[in-house]
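Participant: Return a 3D structure for these sequence lines:
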Amino acid sequence: MRQLLAGTGAQVRSAVALAELTTLRVGGRATVAECSSTEALVATVRALDAAAVPVLLLAGGSNLLISDDDIPGVVVRIATEVVELGADTVTAEAGANWDAVVAKTVRAGFGGLECLSGIPGSAGATPVQNVGAYGVEVANLLRRVRLLDRATGQTHWVAPGDLAFGYRTSRLKQRDDAVVLAVEFALDPSGASAPLAYRELADRLGAAEGESRPAAAVRDTVLGLRAGKGMVLDSADHDTWSAGSFFTNPIVPADQVERVRAAIRQQLGEVPVPEFPAAAGVKFSAGWLIERAGFGKGFPGPEAVARLSTKHTLALTNRGTATAADIVALARTVRDGVADRFGIVLTPEPVTVGTEI
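Facilitator: Next up, the predicted model:
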């Protein structure tokens, strides 16, 4: 493999433990080609594709569940880190740490990205997943994405309208025909935050929904809220050894909403149910459903190597010695329990490699 990739600029290592490169800290071993420049990344992917070598792209490793088996082919580690500020934009290479990108914009006096503070992973992953938090999604602020088309080997910029954004998804998700090389976001030079659209955050800031506050104050508050839920990476806190929210909030089609409401009433009686309008249906809270299905914080107990976070029922966590198989088993238990009780099948958010939920 070193001979094939000679001259690409990639650093090639064999038998690398992928558990060291993912926030869940699970995964088998693989040959890794680390690319610290966009030129090296493009050349490496082109060379591997030309030789029909299987490729797994990995940057921050925050939204991946990789099997315990060795991974065939080559893992291309995206380690590009350049971040450039413009008059009202920020452009970041795909491997740049996302929270570092947000922090840089806020320190420079810009607003816009502050609600997305503390989210682990890389800048290049944000449009793939249409990352969102506290009422803001990447799709709201993205100006363009630079892609490598693996079929042609050419690079080009695409507009948000070409990416078919949806709730925690895009045209780039669950596909491997394009590689994100860089992202560009619009910023507010005034330093004001995006309008506050999440009640918990607005309340903490003493604001009404729809108002703005200084971006720095919003960032600090978001980081505090996320830390309280175990959603800011901390190597000493096993509640953060996770892939973040493991299941997406389910959107139930309009013609099935009453069935779901009836199932909830049958199980729980007349209780307030968190519901939110969504395209062609209603969005329910996955965390609320999980807890009401009997899976509380810390499930299944302190002796388990894979548990729900003690701070947040949506996070599946590695308590230090869990394997991918342990995480998968817990995910299936939670998914099936919610389906049995309420008739809603939760969808995992992380991308799985070599395994299935």
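Participant: ranges for the strands of the stretch 51-200 of the chain?
Facilitator: 55-58, 64-66, 74-78, 83-85, 89-93, 132-133, 136-137, 142-149, 155-158, 178-186 (DSSP state E, counting those that start in this stretch).
Participant: Kindly provide the whole-number mean pLDDT of the longest one.
Facilitator: Per-region confidence: strand 178-186 scores 98 on mean pLDDT.
Participant: Ok, the fifth one next?
Facilitator: On average, the pLDDT along strand 89-93 is 98.
Participant: Mind giving me the packing neighbours of the helix of greatest length in the chain?
Facilitator: The longest helix of the chain (DSSP state H) is helix 324-342. Judged by 3 or more CB pairs under 8 Å, 6 or more residues apart in numbering; DSSP states H and E, helix 324-342 is in contact with strand 64-66, helix 257-268, helix 286-292, strand 306-308, strand 315-318. Using the backbone N, CA and C atoms, a C-beta is placed for each residue, glycine as well.
Participant: got the contact list for that helix?
Facilitator: Identification of contacts with helix 324-342 by CB atoms under 8 Å, 6 or more residues apart in numbering yields 24, 26-27, 65-68, 246-247, 260, 263-264, 267, 289-290, 292-295, 299-300, 304-308, 316, 318, 344-346, 348, 355-357.
Participant: mind listing what's buried in it?
Facilitator: Within helix 324-342, the residues that qualify as buried are Ala324, Asp326, Ile327, Val328, Leu330, Ala331, Val334, Arg335, Gly337, Val338, Arg341, Phe342, counting by 16 or more other CB atoms under 10 Å.
Participant: Then stretch 86-106?
Facilitator: For stretch 86-106, using 16+ other CB under 10 Å, the buried residues are 89-99, 101-106.
Participant: got it, and stretch 8-15?
Facilitator: Across stretch 8-15, burial judged by 16+ other CB under 10 Å covers Thr8, Gly9, Ala10, Val12.
Participant: And the residues you listed, which two are furthest apart?
Facilitator: Pairwise distances across the buried residues of stretch 8-15 (CB to CB) peak at 10.7 Å, for the pair Gly9 and Val12.
Participant: Just confirm Leu346 contacts Leu289, I think it does.
Facilitator: Yes - if you go by CB atoms under 8 Å, Leu346 and Leu289 touch, sitting 7.4 Å apart.
Participant: what residues do the two have in common as contacts?
Facilitator: Joint contacts of Leu346 and Leu289 (CB under 8 Å, 6+ apart) are Pro250, Val338.
Participant: what's near enough to touch Ala103?
Facilitator: By CB under 8 Å, 6+ apart, the contact set of Ala103 is Ser117, Arg219.
Participant: Mind doing that once more with 6 Å?
Facilitator: Applying CB atoms under 6 Å, 6 or more residues apart in numbering, we find Ala103 in contact with no residue.
Participant: quick one: the helices in this protein?
Facilitator: 2-5, 38-50, 98-107, 125-129, 138-141, 199-204, 215-228, 257-268, 286-292, 324-342.
Participant: which one of those helices is the most hemmed in?
Facilitator: Mean neighbour count (mean count of other CB atoms under 10 Å) peaks for helix 125-129 among those, with a mean of 26.
Participant: Hmm, Gly121 and Gly60 touching each other?
Facilitator: Yes - here Gly60 reaches Gly121: they are 3.6 Å apart, a contact under CB atoms under 6 Å.
Participant: how many neighbours does the nearest residue to Ser285 once chain neighbours are set aside have?
Facilitator: Computed as CB to CB, 6 or more residues apart in numbering, the closest residue to Ser285 that is not its neighbour in sequence is Pro274, at 4.4 Å. Around Pro274 there are 11 other residues, counting by other CB atoms under 10 Å.
Participant: so who does Gly95 touch?
Facilitator: So Gly95 contacts Ala59, Ile78, Ala79, Thr80, Glu81, Ser122 (CB under 6 Å, 6+ apart).
Participant: need the contact list for the fifth one.
Facilitator: Under the criterion of CB under 6 Å, 6+ apart, the neighbours of Glu81 are Gly95, Ala96.
Participant: distance of it from Glu303?
Facilitator: Distance, Glu81 to Glu303, by CB to CB, to the nearest Å: 40 Å.
Participant: Check the third one too.
Facilitator: Taken as CB to CB, the spacing of Ala79 relative to Glu303 amounts to 38 Å.
Participant: And these two? Which one has more around it.
Facilitator: Ala79 (20 against 7).
Participant: Is the more buried one in contact with Ala33, as I believe?
Facilitator: No - the criterion here is CB under 6 Å, and Ala79 misses it with Ala33 at 10.2 Å.
Participant: can you list residues touching both of the two?
Facilitator: Listed as contacting both Ala79 and Ala33 by CB under 6 Å, 6+ apart is no residue at all.
Participant: Now do the residue lying closest to Ser122 once chain neighbours are set aside: how many residues are near it, please.
Facilitator: Setting aside the residues directly before and after it, Ser122 is nearest to Ala59 in space (CB to CB, 6+ apart), at 3.5 Å. Ala59 has 26 neighbouring residues, counting by other CB under 10 Å.
Participant: and what of the one 10 residues further on?
Facilitator: With neighbours defined by other CB under 10 Å, the count for Asp69 comes to 15.
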